[in-house]
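Trainee: Just a sequence and a predicted model for now, questions to come.
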Number of protein chains: 2
Amino acid sequence: MIKSSTEAALAQASKHCASRGVRFTAKRQTVLTGLLESGQALSAYELMDYCRDELDIELLPMSIYRILAFLEREMLIHRVNLTNKYIACAHLADDCVHEPGKNHASHLLICTRCHRVKEVEMPPQLLRSIVRSLQPTGFQLAKRHLEIDCLCSDCAESGNATT
Amino acid sequence: MIKSSTEAALAQASKHCASRGVRFTAKRQTVLTGLLESGQALSAYELMDYCRDELDIELLPMSIYRILAFLEREMLIHRVNLTNKYIACAHLADDCVHEPGKNHASHLLICTRCHRVKEVEMPPQLLRSIVRSLQPTGFQLAKRHLEIDCLCSDCAESGNATT
DNA sequence: TGTAAAATGATATGTTATAACGTTAATAGC
DNA sequence: GCTATTAACGTTATAACATATCATTTTACA
């Protein structure tokens, strides 16, 4: 039983791949479906389990990693480096003008307690401030996606910070 | 041949542990020395190699991880989650008023190309802006240490961004 | 329909991290 | 000083995360 939002996202992804001349194969669709349906960040192995248990499709770790690399290259998913997990791009189902993941500088808020991930836009002016504050250090931003360790509202209510 | 800055940092660390009533054992000193002397972020296994090759002390992975956990708990080192490595706290050798790692909200700038890590202070006002921009999301900052994917000046000069 | 490229299968191995349980060493209270 | 208690460390096993390599299958398309 597939969510309608998943259907829409898959349709978008398929269109995207077609327009880029790359193949949106059954297995790639499975992996993306897993990420979309689970609604959370999953590690490669968790995703493998999800595909087996919920979608009834067996994939080897190597296949999962290859497909995740493909989907990331196509900007259909994001790798969350802080937790070594993967999430579907939140903008996939949008019928927005821009390519998925392409023209928005979104940031990942990661709940360190429950591992929920929220993809949000931050004020461009704030990003500029960060860039400016980095200038004297000689370091420059390498990515448009900041990853920020957070507590989500649920976890903040029901306990205290971890670190 | 130990750097004088390392000596100073070790002295600080020793004092810190004494005042906290925890033991700064020989092995813990070895691990911290490795991080200080190497001058870079190291994974647990890289650190194990460093201790063996440069300090001539054999430690098993389990010991390394235990000691890293201890040093992190004592705020003498930082874990770099973006790269799964560890660095000595940049403020260790400072004879500043505050405890090492305690009263400064520093951020880690990580070169995605050469993995160099720089620990910097960011304007408190900037941190406040970030906190404020998170408010509508329901997520709140969990750590005082932001980790930011960057390019260092050397890598920025000699090539293009990775992602 | 033959061929080149892309995708996937299969196996092995490398890398990062923790669990579990036993032994040794340090410290505190007597 | 003795001994109970706790902290540190040793040891082994295994979990979790990730990539290398080469064989085979599928696909696109000339």
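Mentor: Noted; the coordinates are in hand.
Trainee: Can you name the next helix or strand after the helix ranked longest in chain A?
Mentor: As assigned by DSSP state H, the longest helix anywhere in chain A is helix A:4-20. The helix or strand immediately downstream of helix A:4-20 is helix A:26-38, counting by DSSP states H and E.
Trainee: sorry, back to before: I'd like the mean pLDDT over the longest helix of chain A, please.
Mentor: Taken as a whole, helix A:4-20 has a mean pLDDT of 94.
Trainee: other SSEs contacting that helix?
Mentor: helix A:26-38 (3 or more Cβ pairs under 8 Å, 6 or more residues apart in numbering or on different chains; DSSP states H and E). No exception for glycine: its C-beta is placed from N, CA and C like everyone else's.
Trainee: Identify each buried residue in the helix it packs on, please.
Mentor: A:27, A:28, A:29, A:30, A:31, A:32, A:33, A:34, A:35, A:36, A:37, A:38 (16 or more other Cβ atoms under 10 Å in any protein chain shown).
Trainee: Number of residues surrounding the residue in chain A positioned nearest to DNA strand C?
Mentor: Residue nearest to DNA strand C within chain A: residue A:25 (3.2 Å; Cβ to the nearest atom of the strand). By other Cβ atoms under 10 Å in any protein chain shown, the residues close to residue A:25 number 12.
Trainee: and what of residue A:87?
Mentor: Quick note: residue A:87 (other Cβ under 10 Å) scores 23 neighbours.
Trainee: Secondary structure element holding it?
Mentor: Here residue A:87 is assigned to strand A:85-88, by DSSP H and E.
Trainee: Run the contact check for that strand versus chain B.
Mentor: No: under the criterion of Cβ under 8 Å from any Cβ of the partner chain, strand A:85-88 makes no contact with chain B; the nearest approach is 12.0 Å.
Trainee: Give me the angle between the longest helix of chain A and helix A:26-38.
Mentor: On the basis of axes from the mean of the first three to the mean of the last three Cα atoms, to 10 degrees, helix A:4-20 is oriented at 140 degrees to helix A:26-38.
Trainee: mind checking the SS state of the residue in chain A sticking out farthest from the centre?
Mentor: Distance to the chain centre peaks in chain A at residue A:136, reaching 31.5 Å (criterion: Cα atoms, centre = their mean). Of the three states, residue A:136 takes helix according to DSSP: H, G, I helix; E, B strand; the rest coil.
Trainee: Thanks a lot, catch you later.
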